[in-house]
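Asks: Give me the fold of what follows.
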Amino acid sequence: MLLFNRISSAVFGVILAPFGDGFPWFDLVLWPVLAGILALVVYKYTSPQKAIAATKSRIKMHLLEIRLYAHDVRAVLGATGRILLQNTVYVVLNLVPMAVMIVPFVAVLTQIEARYAFDPLPLGAVPLVRLELDTEWAQVPATKVTLEMPPGLVLDAPPVHTPEGEIVWRIRAEAEGDHVLRIRVGDEVVEKGMAVGGLPRPVPVLRTKTWEALLYPGETGLPRSSAVRAVRLDYPVRAIPGLPDGELGIMLWFFGASLVSGYALKDVFGVVL
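Replies: Numbers count the residues shown, from 1 in each chain. From the prediction side, this is the model:
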C-alpha cells in the first residue's frame, strides 16, 4: 500500500490539475471520459466478446419467449429460469475485465477525491484529531501518548480517552499553512498533516496502516509495526456546483460519467458490452 500510494501520488501529482485545484471541472470531465475509454479497451481485449454476444442473444431470445407464451405459466417460468442462468453466465464472463480495471480506476478516483472532495480547514476552525491505538503493538498506555504542535496551532481542550483505545484532541487553527502534528507513542513518533486556509489543494484526511490507506493517498500509510492504527482529521466538504458534495458526490459523478462515455463510444471501439 505504501508503494502503491507513493507511485500513484507522484504520477497524478504531475498530470492532474494543469490549471490548479481551483478549477476542478477540467479533471472532473477529462478523467472520467478517459477512464471510460480505458475500460472499453480493457474490456475488448480481456473479455470473451463472442461468448458475451451469444449470451446476450440467448437472454433476448428467452425474453421474446416470455412474450410469445405469456398465457403458458410453465413456459414463462422456464424462460425466466433460463434468463437468470444466462445472467449468471454474463456476470462470470465479466469478472476478468472487472478485476483488471479495478486498480487503475481506484488509483484515478482516489487521487481526484483527495483533491476535490474536501477543503482545507478555515482559519479559526476547531477540528478534532482522532488517534486509534493498535493494542497489539502499543507498549504504552493511552494516557502517556502526547501531541506536539507547531506554531499556529493550539490545544483547545484536554485530550479525551475512550475505552476502545481512541484518543481525541481538539485543536484551534490560528495560522494558515500546511502544518505537521507530531504524536509520540513511547519511542515512536507519528506525524499527521493539517491543512489550514489558503487555496484549494489536496488535504491529508487519514493516515493509517489498514487497507483504507489506499483510499486516502494524501499521506503515506503507517508501517504495519506502528503502535498507531490510524489518525484522522475531519475537513469541511468541498462544494462543487452541479455535484453532490463530498466523497460520495465525486464517486457518483466519476462512475456515472465513465459509464456514459463508455456506452457512447462502445460502437466506435467495436466493443460488445
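Asks: residues contacting the nearest residue to E148 once chain neighbours are set aside?
Replies: Leaving aside its chain neighbours, E148 sits nearest to R182 (4.1 Å; criterion: CB to CB, 6 or more residues apart in numbering). Glycine gets a C-beta too; all of them are placed from N, C-alpha and C. Contact partners of R182, counting by CB atoms under 8 Å, 6 or more residues apart in numbering, are L147, E148, M149, V189, V190, E191.
Asks: try 10 Å
Replies: T146, L147, E148, M149, P150, V189, V190, E191, K192 (CB atoms under 10 Å, 6 or more residues apart in numbering).
Asks: For these, which PyMOL command selects only the ones that are buried?
Replies: Here is the PyMOL command that selects only those of these that count as buried (16 or more other CB atoms under 10 Å):
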select buried, resi 147+149+190+192
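Asks: can you list the contacts of R182 in CSV and add pLDDT, distance to N87 and secondary structure?
Replies: Output for the contacts of R182, formatted as CSV (pLDDT from 0 to 100; distance: CB to CB, whole Å; DSSP: H, G, I helix; E, B strand; the rest coil):
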residue, pLDDT, distance to N87, secondary structure
T146, 92, 57, strand
L147, 94, 54, strand
E148, 95, 57, strand
M149, 95, 56, coil
P150, 95, 57, coil
V189, 94, 54, strand
V190, 94, 48, strand
E191, 95, 50, strand
K192, 96, 47, strand
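Asks: Present the contacts of R182 as CSV; the columns should include distance to G78.
Replies: Below are these laid out as CSV (distance: CB to CB, whole Å):
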residue, distance to G78
T146, 71
L147, 68
E148, 71
M149, 70
P150, 72
V189, 68
V190, 62
E191, 64
K192, 61
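Asks: Pick the one among the contacts of R182 closest to G36.
Replies: K192 (35.9 Å; CB to CB).
Asks: returning to that earlier point: make sure I have this right: the residue nearest to E148 is in a strand.
Replies: Yes. Checked against DSSP: H, G, I helix; E, B strand; the rest coil, R182 lies within a strand.
Asks: for the worst-scoring helix or strand of the chain on mean pLDDT, packing partners?
Replies: For the chain, counting by mean pLDDT, DSSP states H and E, helix 2-15 ranks last in confidence among helices and strands (a mean of 70). Other helices and strands packing on helix 2-15, by 3 or more CB pairs under 10 Å, 6 or more residues apart in numbering; DSSP states H and E, are helix 25-46, helix 95-116.
Asks: Output those in JSON lines; the columns should cover distance to V237.
Replies: What follows is the helices and strands packed on helix 2-15, written out as JSON lines (distance: least, CB to CB, whole Å):
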{"stretch": "helix 25-46", "distance to V237": "15"}
{"stretch": "helix 95-116", "distance to V237": "10"}
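Asks: so which of those helices comes closest to R58?
Replies: Taking CB to CB, helix 95-116 is the member of these nearest to R58, at 18.7 Å.
Asks: Quick check: what element follows that closest one along the chain?
Replies: strand 128-133 (DSSP states H and E).
Asks: May I have the strands that pair with that next one, each with its orientation?
Replies: Strand pairing for strand 128-133, determined by DSSP bridges: strand 166-173 (antiparallel), strand 228-233 (antiparallel).
Asks: Only the buried residues of the next helix or strand after the last one, if you could.
Replies: On the C-terminal side of strand 228-233, the nearest following helix or strand under DSSP H and E is helix 246-265. Of all the residues in helix 246-265, those buried under the rule 16+ other CB under 10 Å are G246, E247, G249, I250, M251, W253, F254, A257, S258, S261, G262.
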